[in-house]
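Trainee: 3D, please:
(2 chains, ligands or ions: 2)
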Amino acid sequence: MRPRWRKVLHDLWDNKARTLLVVFSIAVGVFSIGVISGAYQIISNDMSASYAANHPANVELRTENFDDDVLSSIRNQRGVGEAEARRVVNFRVQKTGSEAWVSLDVVAVEDFDENRVNLLVPVSGGVKAEKDEVLLEKDALKKINAAVGDELLFEVSDGMTKKLKVVGIVQDVSTGAGDFLAPPFAYIDMKTLATLRQPELFNRAYVTVAEDQDNIVHIREVGADLKDKLEKNGTTVARTRFSETHKHPMGDTVNAILGILLALGILIVFLSSSLIANTLSALLSQHLRHIGVIKLVGGRKNQVFAMYFTLIMAFGILALMIAIPLGGQGAYGLALFVADTLRFNLLGYRIVPMALLIQIAVGLLVPIIAGLAPVISGSGITVLRALSGDLTGDENKPHKHDDREQVSWFDALLLRLTHMFAARGIHFPRPFIISLRNTFRRRGRLILTLFTLTMGGAIFIAVFNVRVTLHDYVGSIGSYFRADVTLDFDEPYRLREVKQYAMQVDGVQDAEGWQFISIELIYPDGSVAENANVLAPPAESKLVNPLITAGRWIRKDDVRKLAISEAALDPFPDLKPGDALRIKINGREEWWEVVGIFKFVDQEGILAYAPYEYISQVTNLANRSYAFRVVTEQHDRATQEIMAEKLDHYFRSQGFKVRKAESGLSSLDTASESLDTLVIFLLIMAILTAIVGAMGLTGTMGMNVLERTREIGIMRAIGADDRAVMRTVIAEGLVIGFISFVLAIFLSIPFTYALSDIVSTAVFQTPIKVVFTFLGYGIWLGLVLLLSVLGSILPARNAARLTIREVLAYE
Amino acid sequence: MSSTSLIELNNVSKTYSTAAGDFPALKNINLKVGGGEFLGIVGKSGAGKSTLLNMINGVDELTEGEVLVAERADGRKLSIHDMSEDARSLWRGKNMGVIYQSFQLLPMLNLLENIMLPMDLSNNFHPRRSRERAMELLQLVELEEHAQKLPAFISGGQQQRVAIARALANDPLILVADEPTGSLDSLTADHIFDVFEHLVHDQGKTIIMVTHDMGLASRFSRSLTIADGELQNGQDALNFDRTTAGQK
Ligand SMILES: Nc1ncnc2c1ncn2[C@@H]1O[C@H](COP(=O)(O)OP(=O)(O)OP(=O)(O)O)[C@@H](O)[C@H]1O
Ligand SMILES: [Mg+2]
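Mentor: Ligands and ions are numbered 1, 2, ... in the order given. Now for the predicted structure:
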């Protein structure tokens, strides 16, 4: 091999710590970008592919009971491709021999052999349930530990339980795709409905359009026609959902979240490049003498440039060798996780060419961009300057005026502070003061290190704040139905009666009757804009704590007035309090006045509130209700569960037809869980940035120690032992860590706002109120100090290991 | 007369500007060096020897004047300070061997590779030939058995001999050496001197060597004294020894 390439090889091999540092810095960036871009590609492809492969319904109609005749008329409707009718009813289910009750949506399928829409894909066992048999959706296994052959108890309305046998586990990626609060599904044959005391009638229709399956406008038209037709035939449609075949309902949300991760990935690349720039410029200045020698014996600028350029490319290639396989795995892992959470399937492990190209580009470009400036200036240096070591950072050179002035300014300050503290009896140990001075000697390097660590810290802290912010928001969403126990009956009971009975149960404070009604919002041209669910609590209910953005909340004497969620601004962008809204309620079209607009999770469509006092007249159920909200003395989860159980038993024993009694927060748990998975990803990215920061610190400390070899030798010569040497180095690391923490405190504030804005817009389609927590600050302080110690231990050990002889032989 | 000289310095001045003001390190130097000379430049520390040498080998820029060096083929003179840094580097690599007191070997390359480096950089020899040649040069300085060693594992005197072998790699006519024996004991220094004498007498090289050791003056074919940036009065720096030069 030619000597100059041999030198490059040695530069790469001989200083393994430095090579690893640079290679890992590049690799971290390449890895994060690889994971995110790969996952993005896999998810955006497989999510819609998996969804589409399942023949998802384009129109889902939730209706009153209907029969085969109605189904045939749906099938005969123009524009309809396939149509299936099902009955979906919620049941409490228990595995025999277990205590826990689980809520499942039981789907009665007309004919398993003719399954053409929302396909059931076998996982294990059969795909067909006969009478008194049941198939479980894969997701249900997370809640109920059942296998094929097990028996499940279904609680029917009179309090009895019915036994159904699990004959198969299936997957249905479309039925609950858009509903991240939906309970898991179980599938039965229509014949089994009788066993479960349910009529053999349908209440859902799943319809695909014959053509233009990805044209939402067309889908809406077909859906609206269907609805009209059903209602003309006397079947009320409570709710319709529309979706394109090749677009997973959660697709946009997932993309938004991946977008955030991508932004963080880019930031990591950015930070690691500053780290690489730092290391490479130190490397070049350590190599000035070599460059001088090469030029002395005939080397030209281009040759020197080529040598160091090759070195840089080698760093990049080594980083790619680590990061590409890991990034590919990570991408698939992330995609798998998202797929599992959102119930869709991946098409299998694969290398994503686009992600691979991006990784290669990042892995090669980052070191080039970061290293170009030092390499160009290093290879352009004159022999004389290179040989005299002008740029090696030797503090005794007269030309370093600026730095010296800064240091002496800093020293003066330090001296004054030391005296000030000493006068008050506070004495700092010498090594600490030396460390402090060392820290500020190389200011450019210090700034880069601080920058990386501070960014890592600020993101870390911000993620914790965002987590609390999201939970706070979900909590406040909960304040729209804050009850401790929700009690639903199969028939309406008098409010006073239910309240009286409820108060008999120990621990109950109050019970309110609520009503629900679904309405349609109508465009001025007469077409249906959206469905909306109207909740009707007593106007003075303490259980609802709305976040009103405009207008006022509902009042007892409101007649044909409602408060509506922000989601209504989608179809009616100019909507404001005082406006009249044309709605269809109970089959009649009426004008209602909007009195207020409030915030609510957009995912679940439009929500509205109207006072019980008026709605009970509309529904003809004055002073009665199917649904009750119970307030208990204690509001923790465990108590709520117990109270739900107690109330359930008590009311049944008193002869009430209880449908279900549930603890009030149970639905929110699901929402919190999905938010937590999101937070975990953000946290992983934050930790990656912190690692980059720690590597930056290690690199900086390593370079500082190397440059101060002579000084350390002198320290040892005058009697400093290993521990003293290590202490000064570690103390210096701690000083840097602590400064970065202080800076991160400030930087985390805008980061928190920006991040929670992006996340909440992605998840809730609306910005939310930011909440701060000490937790992130506390953890980061501990972590950054730990990282600082860890980051300086290796350089400190190297420093302590230097013998005086080695130090004097240096240079 | 001047046409026969190999190196010619005309009115060369060098002024360093420092924080304390301008410092004239060389004052109007005129000097001619003939082919085959072994020229010693002697002077006290700080006299300007290194500065002068760095003018001749083009490592440092001059403030005034010119340095002309005869081209190998036609004797046409080249003003080395009119060349760009890069061109000068290439030219120096091919035509002038440079030796410093601190040997300036690359620590990660073994002796053989250190010697091959100039040949590699100037592409003067086929890689295989350059290895053979490096081996021959190591034999010349009697270090062939250490060929695969790293510089750190041989003595200072041996390192300096490697540096000499490296200076000879591209077979230049001229060697310039700045205190090549400065950090060596007198016995080792003597050995280095022997090598230089051999190169001058048997291979017809021209050597310019700087030393602060006045006692060595007798061993040069000509020696000049420099003090305070000026060649000593009474010495005719332009009149090189034609008998030696004539040998070439
Ligand atoms: N880069 C520089 N900047 C300012 N002054 C310089 C510089 N280099 C050399 N000098 C000054 O120029 C003068 C001549 O220096 P030079 O290195 O040529 O001396 P020398 O004869 O080689 O000494 P020594 O025997 O110690 O090597 C000295 O006074 C020195 O201080
Ligand atoms: Mg000198």
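
Trainee: looking at stretch A:635-643 now, give me its mean pLDDT.
Mentor: Throughout stretch A:635-643, pLDDT has a mean value of 74.

Trainee: return the distance of it from the chain's centre.
Mentor: On the basis of CA atoms, centre = their mean, to the nearest Å, the separation between the geometric centre of stretch A:635-643 and that of its chain is 28 Å.

Trainee: the helices in the stretch 301-450 of chain A, which residues?
Mentor: Along the stretch 301-450 of chain A, the segments classed as helices by DSSP state H, counting those that start in this stretch run A:301-341, A:353-380, A:383-387, A:401-423, A:430-439, A:443-478.

Trainee: residue B:145: how many residues sit nearby?
Mentor: 9 (other CB atoms under 10 Å in any protein chain shown). No exception for glycine: its C-beta is placed from N, CA and C like everyone else's.

Trainee: in chain A, which residue sits nearest chain B?
Mentor: Chain B sits closest to residue A:298 of chain A, with a gap of 1.4 Å, by CB to the nearest CB.

Trainee: tilt between the helix or strand where residue A:20 lies and helix A:443-478?
Mentor: Taking DSSP states H and E as the criterion, residue A:20 maps to helix A:16-53. Computed by axes from the mean of the first three to the mean of the last three CA atoms, to 10 degrees, the angle separating helix A:16-53 from helix A:443-478 equals 30 degrees.

Trainee: does helix A:16-53 reach chain B?
Mentor: No. Using CB under 8 Å from any CB of the partner chain, we find that helix A:16-53 stays clear of chain B, coming within 13.4 Å at best.

Trainee: which strands and helices sit next to that helix?
Mentor: Applying 3 or more CB pairs under 8 Å, 6 or more residues apart in numbering or on different chains; DSSP states H and E, one finds that helix A:16-53 contacts helix A:251-286, helix A:301-341, helix A:353-380, helix A:666-707.

Trainee: how about the contacts made by the residue sitting nearest the centre point of chain B?
Mentor: In chain B, the residue lying closest to the centroid (CA atoms, centre = their mean) is residue B:176, at 0.6 Å. In this structure, residue B:176 makes contact with B:53, B:56-57, B:96-99, B:207-209, judged by CB atoms under 8 Å, 6 or more residues apart in numbering or on different chains.

Trainee: what's the closest of those residues to chain A?
Mentor: Within those, the smallest distance to chain A is 5.5 Å, found for residue B:98 (CB to the nearest CB).

Trainee: quick one: the closest one from ligand 1, how far?
Mentor: Residue B:98 is 15 Å from ligand 1, where distance means CB to the nearest ligand atom, to the nearest Å.

Trainee: and that residue, that one's in a helix?
Mentor: No. Residue B:98: not assigned to a helix; according to DSSP: H, G, I helix; E, B strand; the rest coil it is strand.

Trainee: surely it and residue B:167 touch.
Mentor: Yes. When contacts are counted by CB atoms under 8 Å, residue B:98 is listed as touching residue B:167 (6.1 Å).

Trainee: about what we covered before: among the helices and strands packed on helix A:16-53, which comes closest to residue A:294?
Mentor: Residue A:294 sits nearest to helix A:301-341 of all the helices and strands packed on helix A:16-53, at 5.9 Å, using CB to CB.

Trainee: which strands or helices does the one helix or strand residue A:755 maps to pack on?
Mentor: Taking DSSP H and E as the criterion, residue A:755 maps to helix A:722-764. When contacts are defined as 3+ CB pairs under 8 Å, 6+ apart, helix A:722-764 sits against helix A:251-286, helix A:430-439, helix A:443-478, helix A:666-707, helix A:709-717, helix A:774-801.

Trainee: re earlier: and the residue nearest to the centre of chain B, how close does it get to residue B:167?
Mentor: 9 Å (CB to CB, to the nearest Å).

Trainee: between those two, which contacts overlap?
Mentor: Counting by CB under 8 Å, 6+ apart, the shared contacts of residue B:176 and residue B:167 are B:97-99.

Trainee: show the backbone phi and psi for whatever residue of chain B ends up closest to chain A.
Mentor: Closest approach between chain B and chain A, counting by CB to the nearest CB: residue B:93, at 1.4 Å. Backbone torsions of residue B:93, given as degrees, to the nearest 10, read phi -60, psi -30.

Trainee: show me what from chain B comes close to ligand 1.
Mentor: Contacts of chain B with ligand 1, taken as CB under 6 Å from any ligand atom, map to B:16, B:18, B:23, B:25, B:43, B:45-51, B:212.

Trainee: and these, which are buried?
Mentor: Among the residues of chain B next to ligand 1, those classed as buried by 16 or more other CB atoms under 10 Å in any protein chain shown are B:25, B:43, B:47-51.

Trainee: would you turn the residues you listed into JSON lines with secondary structure and pLDDT?
Mentor: What follows is those, written out as JSON lines (DSSP: H, G, I helix; E, B strand; the rest coil; pLDDT from 0 to 100):
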{"residue": "B:25", "secondary structure": "strand", "pLDDT": "92"}
{"residue": "B:43", "secondary structure": "coil", "pLDDT": "90"}
{"residue": "B:47", "secondary structure": "coil", "pLDDT": "92"}
{"residue": "B:48", "secondary structure": "coil", "pLDDT": "92"}
{"residue": "B:49", "secondary structure": "helix", "pLDDT": "93"}
{"residue": "B:50", "secondary structure": "helix", "pLDDT": "91"}
{"residue": "B:51", "secondary structure": "helix", "pLDDT": "93"}
